[in-house]
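S.K.: Got a predicted structure here, sequence first:
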Amino acid sequence: MKYAKTDFLLRKILGSAKKRRQRSTRRATMQVETLENRCLLATDATLGIDNFGGADGWDSQDTYPRFLADVDGDGQDDIVGFGGNRTFVSLSNGDSSFTNPQSWIDDFTVGQGWANQTSAPRFVQDVNGDDRADIIGIQPDGIFVSVSLGTEFSRAQSWSDHFGGSRDWPSQSETPRMMADVNGDGLSDILGFGANGVDVSLSRGSSFTEPARWVGNFGAADGWNDVDAFPRRLADVNGDGKQDIVGFGGRGTLVSLAQDESFSEPELWIGAFGERQGWTSQDQYPRYLADMNGDGLSDIVGFGGGGTFVSLSTGQSFDPEQNWIEDFGERQGWTSLDASYRVVDDVNGDGMSDVVGFGSQGTYIAESTGNGLKKSELWVRNFNGANGWSSQDRFPRQLADIR
Ligand SMILES: [Ca+2]
Ligand SMILES: [Ca+2]
Ligand SMILES: [Ca+2]
Ligand SMILES: [Ca+2]
């Protein structure tokens, strides 16, 4: 296993070296040799595995998912990363920095059988109402929860026998399951986007209720048959404290508002950010919902070819989209969500969401001003493909090049 990992990394490096052969065969060979030594060192050293293993590990959001969520309840979002064997937390200091990653639980990772987000999705949300985000993971036999104790996560416990792998819930790509507070009680609930509609299980603080059908739409039967082509998100777009469904469909962006134990029928809120407007893939052109201007209504943030586009919510529709920064887009080198993960969340606690990008050198942040985004800054040299190798001059860029 250790050597397989090393081999895999070396293959990637050799692939990179081949591309550059004409320019600098000798240098490429030397770098590969250096790497081989460092790889063997890293994989042989037991204590170092999680740190250095991250070096070749944090390269897929599907296998090693990273989240932003407030796990210590100070109002600032922290980084939670599911590594090879441990789940790490880097707390936000609120002053343009994060603490170094610390292991909060030896669970919910590849090492404990959570192979990837497609087959074993994990979420980081507050399900017990103490304002600290918890870990929720779905396995074939149901939903498991580890609540945050502020400095670590508790042992995993079963909260529901539903929504696991079965005929009805084969995978996250066919039948995505998500979390959001849809009844406004402060506890995050479970939603399953099934073939014929959306089922909801409400959190009761220590378990989830039996599932109920809230809307007969947003499933494969109504054309939502591809999670990458037609992403669906949950966010409170009208400011009533209940999170609503936002679907990026063929015609544009559709909204179903959360009501009393149901969702309204979908309505087109803007003819933009949809497949026909060129937003053909969530991996290539990711779209999120986040409150960018601090008015309590969630807005659309889309990473397109030319940078980051924002469409503010009025509570009844979305305003025309505007380019808030020429960064984090395809033409700036952010070619896919898998290779260069981006997320939108409030990392400095001012109520306006910021853009966080896991780039080639580390974690970049562009803070929102309410009507634009400041120039991006490097906040922490970690949680990225180059983690641990960044002291080598050119190597981190080579890792980014080969994807
Ligand atoms: Ca909690
Ligand atoms: Ca709730
Ligand atoms: Ca709402
Ligand atoms: Ca807003």
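M.R.: In hand now; what should we look at? Please read all numbers here as calculations on a predicted model, not as lab measurements. Ligands and ions are numbered 1, 2, ... in the order given.
S.K.: Residues of the stretch 1-150 of the chain that sit close to ligand 1?
M.R.: 126, 128, 130, 132, 134 (CB under 5 Å from the ion). Where you see a C-beta, it was placed from the backbone N, CA and C, and this is true even at glycine.
S.K.: now those residues as a markdown table including secondary structure?
M.R.: Formatted as a markdown table, those follow (DSSP: H, G, I helix; E, B strand; the rest coil):
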| residue | secondary structure |
| --- | --- |
| 126 | coil |
| 128 | coil |
| 130 | coil |
| 132 | coil |
| 134 | strand |
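S.K.: how near is the residue sitting nearest the centre point of the chain to residue 279?
M.R.: For the chain, the residue sitting closest to the mean C-alpha position, by CA atoms, centre = their mean, is residue 67 at 5.2 Å. With distances taken as CB to CB, to the nearest Å, residue 67 is found 23 Å from residue 279.
S.K.: for residue 236, same thing?
M.R.: 22 Å.
S.K.: Please report phi then psi for the nearest residue to residue 191 once chain neighbours are set aside.
M.R.: Closest residue to residue 191 apart from its sequence neighbours, by CB to CB, 6 or more residues apart in numbering: residue 178 at 4.9 Å. The phi/psi pair for residue 178 (degrees, to the nearest 10) reads phi -140, psi 170.
S.K.: in the stretch 251-400 of the chain, which spans are helices?
M.R.: Taking DSSP state H, counting those that start in this stretch, the helices of the stretch 251-400 of the chain run over residues 395-401.
S.K.: Neighbours of whichever residue of it sits closest to ligand 3, how many?
M.R.: In the stretch 251-400 of the chain, the residue that lies nearest ligand 3 is residue 258 (5.1 Å; CB to the ion). By other CB atoms under 10 Å, 27 other residues sit near residue 258.
S.K.: still on that earlier bit, Throw the residues of the stretch 1-150 of the chain next to ligand 1 into JSON lines and include neighbour count, thanks.
M.R.: Formatted as JSON lines, those follow (neighbours: other CB atoms under 10 Å):
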{"residue": "126", "neighbour count": "23"}
{"residue": "128", "neighbour count": "17"}
{"residue": "130", "neighbour count": "16"}
{"residue": "132", "neighbour count": "19"}
{"residue": "134", "neighbour count": "22"}
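S.K.: can you narrow the residues you listed to ones near ligand 4?
M.R.: Applying CB under 5 Å from the ion to these, none is adjacent to ligand 4.
S.K.: Nearest to residue 321, out of those residues: which one, please.
M.R.: residue 126 (30.6 Å; CB to CB).
S.K.: In space, what's closest to that closest one - neighbours in sequence excluded?
M.R.: Residue 126's closest residue in space is residue 133 (CB to CB, 6+ apart), at 5.1 Å.
S.K.: count of residues packed around the one you found?
M.R.: Residue 133, neighbours per other CB under 10 Å, totals 26.
S.K.: Please report phi then psi for it.
M.R.: phi -70, psi 140.
S.K.: measure it to ligand 4 for me?
M.R.: 21 Å (CB to the ion, to the nearest Å).
S.K.: Now for that residue: which residues touch it?
M.R.: Shown in contact with residue 133 (CB atoms under 8 Å, 6 or more residues apart in numbering): 69-71, 80, 124-126, 148.
S.K.: Residue 112: which of these is nearest?
M.R.: residue 80 (15.6 Å).
S.K.: Could you look up the SS state of that closest one?
M.R.: strand.
S.K.: oh, and call the first residue 44 from now on, that's how I've got it
M.R.: Renumbered: residue one is now 44, and that last one reads residue 123.
S.K.: Was I right to think it contacts residue 130?
M.R.: Yes - using CB atoms under 8 Å, residue 123 makes contact with residue 130 at a distance of 6.7 Å.
S.K.: list the residues that contact both of these two?
M.R.: Common neighbours of residue 123 and residue 130 (CB under 8 Å, 6+ apart) are 147, 178.
S.K.: sorry, back to before: want to try CSV for the contacts of residue 176, with pLDDT, distance to residue 403 and secondary structure as columns?
M.R.: Output for the contacts of residue 176, formatted as CSV (pLDDT from 0 to 100; distance: CB to CB, whole Å; DSSP: H, G, I helix; E, B strand; the rest coil):
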residue, pLDDT, distance to residue 403, secondary structure
112, 92, 24, strand
113, 94, 27, coil
114, 97, 26, coil
123, 93, 21, strand
167, 97, 24, strand
168, 96, 29, strand
169, 97, 32, coil
191, 98, 31, strand
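S.K.: Now for the protein, the helix or strand with the poorest mean pLDDT.
M.R.: When the helices and strands of the chain are compared on mean pLDDT, DSSP states H and E, helix 438-444 comes out lowest with a mean of 25.
S.K.: From residue 360, how far off is the residue in the stretch 44-193 of the chain that ligand 4 sits nearest to?
M.R.: With CB to the ion, the shortest gap between the stretch 44-193 of the chain and ligand 4 falls at residue 120, namely 16.7 Å. Separation of residue 120 from residue 360 (CB to CB) stands at 28 Å.
S.K.: okay, the two: which has more neighbours?
M.R.: More crowded of residue 120 and residue 360, by other CB under 10 Å: residue 120, with 26 against 14.
S.K.: can you pull the contacts of that one?
M.R.: Counted by CB under 8 Å, 6+ apart, residue 120 has contacts 111-113, 135, 388-390.
S.K.: how about a cut-off of 10 Å?
M.R.: 110-114, 134-135, 137, 141, 167, 176, 386, 388-392, 396-397, 399 (CB atoms under 10 Å, 6 or more residues apart in numbering).
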